[in-house]
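**Student:** next one to model:
(one chain, ligands or ions: 2)
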Amino acid sequence: MAQSLLKLNSEWKAKVTESLAIKQLTQSSIAERLKISRSSVSKFINGKPITAKNFIRICQELNLDWGNAAAGEPNRNDEIVSFKFKNSNFKANPGGEIAPEEIIGREKLITQIWSILEQQSLIFIGERRIGKSSTLKKMQAESANGMLPIYRDLEGIRSPIEFVEVVWQDIETYLKNQGKARRVREFLGQLQETQFTGFRFPKIADNYWKTLLIKAIEDLVTLQEQQIVFIWDEIPHMLENFSDRAAREMLDTLRSLRQTYPDVRMVFSGSIGLHHIFKNLRQAGYRNDPTNDMYTLDGQPLALEDAIALASYLIAGENISTFNVEKSARDIAEAVDCIPFYIHHLINQLKGLEGEVTQNIIHTIVEDCLRNPLNPWKMDHYRERIDNYYTKEQQPYVLNILDLLAINPPTSFSKLWQVLYQDPQTSNKEMARTIIRLLMKDYYLIQSGTIYSFRYSLVQKYWRFSRGL
Ligand SMILES: Nc1ncnc2c1ncn2[C@@H]1O[C@H](COP(=O)(O)OP(=O)(O)OP(=O)(O)O)[C@@H](O)[C@H]1O
Ligand SMILES: [Mg+2]
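**Tutor:** Ligands and ions are numbered 1, 2, ... in the order given. As a prediction, this is how the structure comes out:
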């Protein structure tokens, strides 16, 4: 079938330019993020026809409604609309940007998140690559009645003023139709003694981040009737980049904003547990818990049936040969603990294979990837982060406990203790207990009744292989 082409409506050019400026994206960065050619992005911006699929993806990246941005009246019955929903279009893309329609499952979780947000703000924390950002993006794409979700990845943010700048830019994007963030612009105008019309804060604003943040939120709440939900992804990463003092002030300011503006909700998400941030702040003398008004939710892998669905769509999309799709999809899902990132990875590995996929092949590939010292599945962070998360005194406990559980069936504390106390470096019983609790907070272990085990069999296997146990 001939590919459908779409081009940008000339009236939308200004919106595209504005969105590029606000999101601080360039043609190259969009091309890189979407894994498409730079010339497609350039054609898009210059109103030349490009494939419908690329057109829609660029619009999604820029938060623009592709249906309105396209010149002419796109035929909603052709493959332009359906491409996103066709299972045969699923491609393995581990860690890459995927369209909301390619994010499988999470419906119950999203309903639960919306329902929590009706009452209070939320901390949505979970193991790396478990699917937090994808859930939040799907949630944003399907926003609930009366809620206005504003998603922002904060990973690269290094100072409070940079954070406030992106919050303000997001607010301005959402206030496009109601008038811009007037209070912020007036304040910046007073600071620089001339009217402010830019999209970036002037240097002089650096010391006024708190005032600017409060004014930006005021602008938003006074002009919006919906419940506003700021979804701030990778906020622990951002806070780690701040000085202790700035992190403390930021957390206190955000808490005070939640109290002053009960219609504003915040979602803090990320893979570094906030307890690590608070630990550093406590060492610096800070005693508050600035998030004790927020509900905490723990990110989980996909439900088994959703993991099987994802694996079977990817099997179809990548034309992988198997005698029984349903069975292979289940084998794939189970082999990687239903973690979608590794389902994508595994499919990536399987697609180069000749012949039919079997359970044996699946298991061999998983083990090869976990053993591979080139770290193709990025598992080494399970070992590396221990040196950052735990003190020198704590590290021997961590390593001993994980080594023991990697090669034993689920084990009780008393059995673990029988081995631990024999090593002079791990002979403090209370410390051993504390470390087990911390390992649970850091997603390594779970407790079931009185016994402990690795939370994910994939991590347990990696641990065994990488440490030669
Ligand atoms: N529900 C899903 N359906 C299909 N693929 C998914 C889903 N969730 C995650 N993925 C895949 O896993 C990858 C990682 O997911 P995501 O970025 O959402 O995880 P994360 O928990 O935010 O990771 P990090 O801790 O690194 O920020 C995605 O790029 C995508 O390939
Ligand atoms: Mg993420």
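
**Student:** please verify my assumption that residue 121 contacts residue 292.
**Tutor:** No - between residue 121 and residue 292 there is no contact under C-beta atoms under 8 Å: 11.0 Å. Quick note: C-beta positions are derived from backbone N, CA and C, even for glycine.

**Student:** tell me which of these two has more neighbours.
**Tutor:** For residue 121 and residue 292, the more surrounded residue by other C-beta atoms under 10 Å is residue 121, and the numbers stand at 20 against 7.

**Student:** contacting residues for that one?
**Tutor:** With contacts defined as C-beta atoms under 8 Å, 6 or more residues apart in numbering, residue 121 is in contact with 258, 265, 266, 267, 268, 293, 294, 295.

**Student:** can we see that at 10 Å?
**Tutor:** 229-230, 254-255, 258, 264-268, 291, 293-295 (C-beta atoms under 10 Å, 6 or more residues apart in numbering).

**Student:** which of the residues you listed fall within strands?
**Tutor:** 229, 230, 264, 265, 266, 267, 268, 295 (DSSP state E).

**Student:** show me what the first one bridges to in the sheet.
**Tutor:** Okay, so that is residue 229. residue 149, residue 265 (DSSP bridges).

**Student:** for it, grab the count of nearby residues.
**Tutor:** With other C-beta under 10 Å as criterion, residue 229 counts 25.

**Student:** and the helix or strand encompassing residue 297 with ligand 1, contact?
**Tutor:** Using DSSP states H and E, residue 297 sits within strand 295-298. No - Strand 295-298 does not reach ligand 1 (C-beta under 6 Å from any ligand atom); its nearest approach is 11.7 Å.

**Student:** which bits of the stretch 251-400 of the chain sit near ligand 1?
**Tutor:** Residues of the stretch 251-400 of the chain lying close to ligand 1 by C-beta under 6 Å from any ligand atom are 271, 302, 310, 340, 341, 344.

**Student:** re the thing from before, show me what the strand holding residue 297 is packed against.
**Tutor:** With contacts defined as 3 or more C-beta pairs under 10 Å, 6 or more residues apart in numbering; DSSP states H and E, strand 295-298 has these neighbours: helix 107-119, strand 122-125, strand 264-270.

**Student:** helix/strand/coil for residue 232?
**Tutor:** Assigned state for residue 232: strand (three-state reduction, DSSP: H, G, I helix; E, B strand; the rest coil).

**Student:** so what's the closest residue to residue 126 other than its chain neighbours up against?
**Tutor:** The shortest distance from residue 126 to any residue other than its chain neighbours is 2.2 Å, reached at residue 299 (C-beta to C-beta, 6 or more residues apart in numbering). Taking C-beta under 10 Å, 6+ apart as the criterion, residue 299 is in contact with 109, 124-133, 135-136, 269-271, 443.

**Student:** now do 7 Å
**Tutor:** By C-beta atoms under 7 Å, 6 or more residues apart in numbering, the residues touching residue 299 are 124, 125, 126, 127, 130, 131, 132.

**Student:** any idea how far ligand 1 is from the last one?
**Tutor:** Same thing as residue 132. 4 Å (C-beta to the nearest ligand atom, to the nearest Å).

**Student:** gap between residue 242 and residue 250?
**Tutor:** Distance of residue 242 to residue 250, given as C-beta to C-beta, to the nearest Å: 7 Å.

**Student:** which residues are common contacts for these two?
**Tutor:** By C-beta under 7 Å, 6+ apart, residue 242 and residue 250 have these common neighbours: residue 160.

**Student:** pull up the residues of the stretch 1-150 of the chain that are close to ligand 1.
**Tutor:** So the stretch 1-150 of the chain meets ligand 1 at 93-96, 98, 102-106, 128-134 (C-beta under 6 Å from any ligand atom).

**Student:** where does the stretch 1-150 of the chain have low pLDDT?
**Tutor:** For the stretch 1-150 of the chain, the stretches flagged by pLDDT under 70 are 1-4, 72-88.

**Student:** for it, what spans make up the helices?
**Tutor:** 13-22, 27-34, 38-45, 52-61, 66-69, 79-82, 107-119, 132-141 (DSSP state H, counting those that start in this stretch).

**Student:** do the stretch 301-450 of the chain as well
**Tutor:** In the stretch 301-450 of the chain, the segments counted as helices under DSSP H, counting those that start in this stretch are 304-317, 325-335, 340-350, 359-371, 381-389, 395-407, 413-420, 429-441.

**Student:** name the residues of the stretch 51-200 of the chain found near ligand 2, please.
**Tutor:** Proximity of the stretch 51-200 of the chain to ligand 2, by C-beta under 5 Å from the ion, involves residues 132, 133.

**Student:** quick check, the residue in the stretch 51-200 of the chain closest to ligand 2?
**Tutor:** With C-beta to the ion as the measure, residue 133 is the residue of the stretch 51-200 of the chain nearest to ligand 2, at 3.1 Å.

**Student:** ok, the strand holding residue 297: who's next to it in the sheet?
**Tutor:** According to DSSP bridges, strand 295-298 has these partners: strand 122-125 (parallel).

**Student:** for the strand it pairs with, give me every contacting residue.
**Tutor:** For strand 122-125, contacts defined as C-beta under 7 Å, 6+ apart pick out 113, 116, 132, 267-270, 273-274, 291, 294-299.

**Student:** excluding sequence neighbours, find me the nearest residue to the residue positioned nearest the centre of the chain.
**Tutor:** When C-alpha atoms, centre = their mean is applied to the chain, the residue found nearest the centroid is residue 133 (2.5 Å). Excluding the flanking residues, the one nearest residue 133 by C-beta to C-beta, 6+ apart is residue 233, at 5.4 Å.

**Student:** that neighbour: neighbouring residues, count only.
**Tutor:** With other C-beta under 10 Å as criterion, residue 233 counts 21.

**Student:** thought it was touching residue 156?
**Tutor:** No - counting by C-beta atoms under 7 Å, residue 233 does not reach residue 156; the two are 11.5 Å apart.

**Student:** would you pull up the residue in the stretch 351-469 of the chain closest to ligand 1?
**Tutor:** residue 378 (9.0 Å; C-beta to the nearest ligand atom).

**Student:** how many residues are close by that residue?
**Tutor:** For residue 378, the count of nearby residues is 13 (other C-beta under 10 Å).

**Student:** what's near enough to touch it?
**Tutor:** Going by C-beta under 7 Å, 6+ apart, the list of residues near residue 378 is empty.

**Student:** how much space between it and residue 45?
**Tutor:** Residue 378 is 34 Å from residue 45, by C-beta to C-beta.
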